[in-house]
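**Student:** Provided below for reference: sequence and predicted model.
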Amino acid sequence: AQTVTQSQPEMSVQEAETVTLSCTYDTSESDYYLFWYKQPPSRQMILVIRQEAYKQQNATENRFSVNFQKAAKSFSLKISDSQLGDAAMYFCAYNWLTDKLIFGTGTRLQVFP
Amino acid sequence: DTGVSQDPRHKITKRGQNVTFRCDPISEHNRLYWYRQTLGQGPEFLTYFQNEAQLEKSRLLSDRFSAERPKGSFSTLEIQRTEQGDSAMYLCASSPDGRLNEKLFFGSGTQLSVL
């Protein structure tokens, strides 16, 4: 069965600094998709970044980038130049063949001024 | 595009009562999903519709749960004879037709508390 593990329940970063959130997953498939979602206090899940497993190049979206290590089954999220608005729960998610997402338990990110 | 809308935002009920939640997806989106999120956990998949057809149901969806999507528009999720373990946030998401694994658009959820 596919699983997603986020081993950092909480992380903190100072404004303008860089922080990395970790995610590992388990699958026997070779072609799948990985996502990072942000859930602010408003509760609405917002897609941050998406990675297709068959692409070797790491995805980047403005201040957000991933380090995708397929052999190690690792998918970390790097947030550069952290802003107060980045404070939220961050969920790593996986899917394969369908839109059904399997989520990790989340990492709460605090940003200090 | 007004986003995915869920109603109510909060629901408090007594054990044994029935509750119904509503989700209005983005108008051109044919796929609609229900997830459940308990405290300290990530969302867990419950069920999925393609237009009005319910294509997949999780084992989490016991006989007390039923979901519908009449005419392929809005969806309702009903829980009969609620139990305290049903307390959770129920999230709805939608996505357009086309290539799978595209972005899901989530609503803000319905927070259910069963006393």
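**Tutor:** Happy to help now that I have it.
**Student:** can you tell me how far residue A:93 sits from chain B?
**Tutor:** Residue A:93 sits 7 Å away from chain B when distances are taken as CB to the nearest CB, to the nearest Å. Quick note: C-beta positions are derived from backbone N, CA and C, even for glycine.
**Student:** ok but that residue is inside a helix, no?
**Tutor:** No - judged by DSSP: H, G, I helix; E, B strand; the rest coil, residue A:93 forms no part of a helix; its state is strand.
**Student:** burial count for the residue of chain A found nearest chain B?
**Tutor:** Closest contact between chain A and chain B, by CB to the nearest CB, is at residue A:103 (3.0 Å). Neighbour count for residue A:103, taken as other CB atoms under 10 Å in any protein chain shown: 22.
**Student:** wait, residue A:89 sits on residue A:42?
**Tutor:** No - counting by CB atoms under 8 Å, residue A:89 stays clear of residue A:42, with 11.3 Å between them.
**Student:** pick out the residue closest to the middle of chain A.
**Tutor:** In chain A, the centroid-proximal residue (CA atoms, centre = their mean) is residue A:36; its distance is 3.3 Å.
**Student:** element containing that residue?
**Tutor:** Using DSSP states H and E, residue A:36 sits in strand A:33-39.
**Student:** which residues touch the helix or strand just after that strand?
**Tutor:** Heading C-terminal from strand A:33-39, the first helix or strand you meet, by DSSP H and E, is strand A:46-52. By CB atoms under 8 Å, 6 or more residues apart in numbering or on different chains, the residues outside strand A:46-52 that reach it are A:33-40, A:58-61, A:64-66, A:68, A:75, A:77, A:90, B:101, B:103-104, B:106.
**Student:** perfect, that will be all.
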